[in-house]
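Asks: next one to model:
(one chain, ligands or ions: 1)
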Amino acid sequence: MASKPSVQNLPVEHLTLAQAKKEHVRLDLEIGAHDQRYYQDDAPTIPDAEYDALRQRYEAIEAQFPELRTAESRSAKVGAAPSRGFAKVRHAVPMLSLQNAFADEDVAEFVRRIRRFLNLKEDEPVVFTAEAKIDGLSMSLRYENGNLVTAATRGDGAEGEDVTANIKTLKEVPQKLEGKNIPAVCEIRGEVYMTKPDFLALNQRQQAAGDTVFANPRNSAAGSLRQKDPSVTASRPLHFFAYAWGEMTEMPADTHSGMLKWLKSIGFQTNPLWKLCKSAEDLIAYHADIGQKRASLDYDIDGVVYKLDRLDWQQRLGFVSRSPRWAIAHKFAAEQATTVVKDIDIQVGRTGALTPVAKLEPVTVGGVVVQNVSLHNEDYIKGVGADGTEIRGGTDIRIGDTVIVQRAGDVIPQIVDVVLDKRPETAKPYSFPHKCPACGSHAVREVNLRTGKEDVVRRCTGGLICPAQAVERLRHFVSRAAFDIEGFGEKQVEMFFAEGLVMEPADIFTLAKRDARATKKLAEREGYGETSARNLFAAIDARRRIELNRLIYGLGIRHVGDTNAKLLARHYGTMEALQEAAAAAQIPIDKKDKGNEAWQELNAIEGIGDVVAEAIVEFFQEERNRDALARLLAELEVLPMQEAKSDSPVAGKTVVFTGTLEQMTRDEAKAMAERLGAKVAGSVSKKTDYLVAGPGAGSKLEKAKEAGVNVLTEDEWLALVGAK
Ligand code: IVH
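Replies: This next block holds a predicted model:
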């Protein structure tokens, strides 16, 4: 596949200053977005190894172009700022991060640097504590006079989230420190984690209940801890290993290993794998040894940590930006294996997203059998993003390809490369289906609202009939702003769907008729009796008369929420008119194409843009949706929209704007007036209530004066609507 050279693929050494600047900004944004997803949403989208690579490149750029380093630099930040919802806690001593070592040479350099810094003689021994690096989330526990007073997450290193109530539910966190010589203030730090078996069991329960499924034990630990309700945290099996500290009014030991023993003696769990090492060779051997044990451990680790043992020396070495000079994390290389892509399957998600999944010849990667790997989307398979950026160096993935699979961050496997030498001659580029495999409706890629770019996701447009989306759509159909049928909520949707009684909206309205003929009647079902069944049917009947806007909203057309549904209802007046317009509209094929009249009319509705208009047209042009809608309409009487009574003084009034407006554009003024319930007209007539006249107003102003219309300046208008 032809590869476009892009700055992203150039080695840092080859970058010009201008290119480096661009890369620095790009990486900064990308790392920031990943930090947000990892630290705040507990839902990372890339493996840790890939994140580390981004960060390494970012730091390499700053090393080569120091002028790009500022106080705002990522290299001076740790993690992400605390998320909203929890109170903030300022850490008495900042919670820092660790520098990473990936190669053995980095470890040797770490030891040399420390020796140089401390100016140690060649024969002077240096001792390190080597520990496992637990893949959980770090926590700071503050004890005053032996009592646990606050527990806080790391947050951005300076401020974290107050999770005290939740932490108190962990058995392994003592609420009171027992033992002699407990310092008046002690901040104990360590890692909250979930074991691998507990994580798998939790995910099974979550999946069965239709709740969030976590990507890995770290995310499930973080998600379990960040609960508004501590009883939820209490129900999750969380553990804690102590390995560090913050503020201490006294130090109970003078080495790190001594501190680990003390932590154990006062009731904390410490990880038993720690060991004292005397040289870089010792450290590297420890890394290899723990690497061997990794798969058989009960919990995830993503590397090992080396810490200079003597605390007085740690003090002398101090910190550089976000990490201590006296410690380093030696990460494990991501594990890889080679296998063959047997097939590519398309799965349809609840929102209609088509996700390709590679079916692999089963292969063991890091002790786990992998046979399915998500290929994310169409562009990912092609190896070229919509903006031309390359994935895997621009190589596409084909059925029959030999691929390298990687499992990083221990759980989510992915394809990192294709072995082109082994590509069978018969292998053809994968052609992504344009039809939904679940229902046969056409599947489209829309233009992303925020970026203006084509969305990477191809989506099924058969919203009303696609079985993969049915439950979600039915739920939406009965929701508050749509049909809002009393006694027919999400639970009932799921029950009736599972029983095959309600598969599409129209079925709701034929339920009573079918029930009358059925052998097993609703009234005989668990949870129902004669009265409740009758009530349900009456509630359904009551909603046969439905306002147009609610009906439009209930259809679940993409991007058509409550507001857009009202705009459409107001503009077209009837379902037939909307359907006709959508059927007649031609979606423009490129920027120069303006589309036909029906398209322009739809697109000209204030508040409806290209993306929304396109989704509407796609929806109504899908025959299966039209059929399902016809079945539904046969059951309904559609009423005109009830305009909400607005308390705005201009609601229901007709306004004309003329002349130059100085504080807003004409379009803005028009949108504002309409938002407040006013009608905006193009010319002055007897019906005009207000003429808003700016400088340069001409004939309209004359006419308004003659007709005795209220004339306002822009300022007076703004004052009238309360915007000034
Ligand atoms: S020491 C000032 N020891 O790794 C250094 N950290 O990448 C304090 N971690 O934020 C950290 N196991 O969440 C240390 N044995 C260990 C660790 C460990 C896991 C985490 C911790 C830290 C991150 C740094």
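
Asks: dump the residue contacts of Leu118.
Replies: By CB atoms under 8 Å, 6 or more residues apart in numbering, the residues touching Leu118 are Trp313, Arg316, Leu317. Using the backbone N, CA and C atoms, a C-beta is placed for each residue, glycine as well.

Asks: any of the residues you listed buried? List them.
Replies: Buried by 16 or more other CB atoms under 10 Å: Trp313, Leu317, out of the contacts of Leu118.

Asks: just the closest of the contacts of Leu118 to Val7, please.
Replies: Leu317 (36.3 Å; CB to CB).

Asks: circling back: out of the contacts of Leu118, which are inside strands?
Replies: Here DSSP state E is the test, and the contacts of Leu118 give no hits in strands at all.

Asks: how about Gln19, secondary structure?
Replies: Under DSSP: H, G, I helix; E, B strand; the rest coil, Gln19 falls in the helix class.

Asks: quick one, what contacts it?
Replies: So Gln19 contacts Val7, Leu10 (CB under 8 Å, 6+ apart).

Asks: residue ranges for the helices of the stretch 401-550 of the chain, please.
Replies: For the stretch 401-550 of the chain, the helices defined by DSSP state H, counting those that start in this stretch cover 470-477, 490-498, 505-517, 530-542, 548-554.

Asks: quickly note the distance from the residue of the stretch 151-300 of the chain found nearest the ligand to Gln99.
Replies: Residue nearest to the ligand within the stretch 151-300 of the chain: Tyr243 (4.0 Å; CB to the nearest ligand atom). From Tyr243 across to Gln99, the span is 17 Å (CB to CB, to the nearest Å).

Asks: tell me which parts of the stretch 551-700 of the chain are close to the ligand?
Replies: Taking CB under 6 Å from any ligand atom, no part of the stretch 551-700 of the chain reaches the ligand.

Asks: pLDDT below threshold where in the stretch 551-700 of the chain?
Replies: Judged by pLDDT under 70, the stretch 551-700 of the chain has its weakly predicted residues at 644-646.

Asks: quick one: the helices in it?
Replies: Counting by DSSP H, counting those that start in this stretch, the helices of the stretch 551-700 of the chain are 562-572, 575-584, 597-604, 610-621, 623-633, 666-675, 699-707.

Asks: so what does the first one touch, helix or strand wise?
Replies: Helix 562-572 sits against helix 548-554, helix 575-584, with contacts defined as 3 or more CB pairs under 8 Å, 6 or more residues apart in numbering; DSSP states H and E.

Asks: what's the angle between the longest one and helix 597-604?
Replies: Put simply, helix 575-584 runs at 110 degrees to helix 597-604, going by axes from the mean of the first three to the mean of the last three CA atoms, to 10 degrees.

Asks: dump helix 575-584 to PDB, restricted to CA.
Replies: What follows is helix 575-584, C-alpha atoms only, in PDB (Å, rounded to 0.1, in the frame of the first residue of the first chain):
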ATOM      1  CA  MET A 575     -45.500  13.000   9.300                       C
ATOM      2  CA  GLU A 576     -46.500  12.700   5.700                       C
ATOM      3  CA  ALA A 577     -44.900  16.000   4.700                       C
ATOM      4  CA  LEU A 578     -41.700  15.100   6.500                       C
ATOM      5  CA  GLN A 579     -41.600  11.600   4.900                       C
ATOM      6  CA  GLU A 580     -42.200  13.100   1.500                       C
ATOM      7  CA  ALA A 581     -39.500  15.700   1.900                       C
ATOM      8  CA  ALA A 582     -37.000  13.100   3.100                       C
ATOM      9  CA  ALA A 583     -37.900  10.800   0.200                       C
ATOM     10  CA  ALA A 584     -37.400  13.600  -2.300                       C
END
